[in-house]
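A.B. asks: Please work out how this folds:
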Amino acid sequence: MVGGGRIGEALIAGLRESGTESSDIVVVEAVQARADELAKKYNILATSLDIGCEGADVIVVAVKPQDVPAVVDRIGDAISDSVHESIVVSLAAGVPTKVLENKLSAGSPVLRVMPNTAMLVGHGVSAVCKGRYARDEHLEQVVTIMESVGLVVVVSEAQMDAVTAISGSGPAYFFLLAEAMIDAGVERGLPRDVAVKLATGTALGAGAMLTGGGEGPAELRYNVSSPGGTTAAAIRTLEARGLRAAVADAVEAAASRSRSLAQAATSDDDEND
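C.D. replies: I've put the predicted structure just below:
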């Protein structure tokens with residue numbers, strides 16, 4: 001695990017909870033105090049990048065997107081002479097697999113994962129795609145790793161911008177809706193702590209209904225919207241205020257930003273070649 005931030009730690013925790021032996025996990029973290037903290041907390045080895053990557057089956061790059069090229073350069077140097085095949089997995093948003101492939105030995109298997117922050121509580125949604133040289137067995141290994149922190153879907157790299165806009169950024173959309181509901185409740189006389197419990201509990205229940213049965217969101221909404229009732233009045237107002245259009249525009253804005261990040265990463269890589 002190259003990078004011991006929140007996402008890196010969440011994956012380490014998920015792997016340990018799913019039964020991965022502590023001796024099978026190594027963390028590489030630039031901040032020594034943080035490296036020591038993770039090593040003690042999860043009983044794993046914290047070491048340098050060169051030592052950590054040597055003989056690794058899977059190298060997960062969990063650093064900021066702007067740091068990926070430099071980190072992968074070092075990974076490439078560390079594994080270039082190894083006879084052991086290492087799968088390199090990037091969790092960075094907006095960095096195409098070819099950026100990593102260009103910095104590694106020819107034919108190195110690279111996969112890209114778009115996780116979301118719900119993996120911090122074991123309910124993440126991650127999308128995985130293969131790079132040019134990755135094989136199905138590599139994909140299976142990475143899917144298994146990511147399943148330790150939630151749901152996993154397999155997509156093509158061309159679909160990653162849409163994935164980023166839906167599940168990558170998606171938790172923030174729900175947080176904003178919950179925030180708006182809480183504020184509206186407070187404005188109507190509810191104590192804030194009560195409004196928080198009502199909104200967050202409702203979100204939890206609605207999510208369980210969406211994932212727990214065969215009914216889709218439209219059918220579920222229809223079932224709770226009695227003619228002439230309070231829910232129908234609320235839904236009518238949301239529709240009139242353009243909720244669907246706003247969501248569609250927000251998703252496109254996120255996807256567009258993801259495309260821009262990918263183009264910038266590719267351009268920077270071309271300039272450095």
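
A.B. asks: State the pLDDT value of residue 272.
C.D. replies: Looking at residue 272, its pLDDT reads 64.

A.B. asks: per-residue confidence for residue 8?
C.D. replies: Residue 8 is given a pLDDT of 95.

A.B. asks: Run through the neighbouring helices and strands of the helix or strand where it lies.
C.D. replies: Using DSSP states H and E, residue 8 falls within helix 6-17. Counting contacts by 3 or more Cβ pairs under 8 Å, 6 or more residues apart in numbering; DSSP states H and E, helix 6-17 is packed against helix 32-42, helix 136-146. C-beta: built from backbone N, CA, C; applies to glycine.

A.B. asks: Include distance to residue 164, mean neighbour count and mean pLDDT when you put these into TSV, please.
C.D. replies: As requested, the helices and strands packed on helix 6-17 are exported to TSV (distance: least, Cβ to Cβ, whole Å; neighbours: other Cβ atoms under 10 Å; pLDDT from 0 to 100):
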stretch	distance to residue 164	mean neighbour count	mean pLDDT
helix 32-42	27	14	96
helix 136-146	16	17	97
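
A.B. asks: Give the pairing partners of the helix or strand following the helix holding residue 8; include direction for each.
C.D. replies: As assigned by DSSP H and E, the chain's next helix or strand after helix 6-17 is strand 26-27. The strands that strand 26-27 pairs with in its sheet are strand 45-46 (parallel) (by DSSP bridges).

A.B. asks: So for the partner strand, mean pLDDT?
C.D. replies: 96.

A.B. asks: Any chance you could list what contacts that strand?
C.D. replies: Strand 45-46 is contacted from outside by 4, 23, 25-29, 35-36, 38-39, 52, using Cβ atoms under 8 Å, 6 or more residues apart in numbering.

A.B. asks: 7 Å instead, please
C.D. replies: 26-27, 29, 35-36, 38-39 (Cβ atoms under 7 Å, 6 or more residues apart in numbering).

A.B. asks: mind checking which of the helices and strands packed on helix 6-17 is nearest residue 192?
C.D. replies: Proximity to residue 192 (Cβ to Cβ) singles out helix 32-42 among the helices and strands packed on helix 6-17, at 33.3 Å.

A.B. asks: Give me the three-state assignment for the residue of the chain most remote from its centre.
C.D. replies: Here the chain reaches farthest from its C-alpha mean at residue 228, the gap being 40.7 Å by Cα atoms, centre = their mean. Put simply, residue 228 is coil when judged by DSSP: H, G, I helix; E, B strand; the rest coil.

A.B. asks: and it, how far is that from residue 236?
C.D. replies: Look at residue 228 and residue 236: by Cβ to Cβ, to the nearest Å, they are 11 Å apart.
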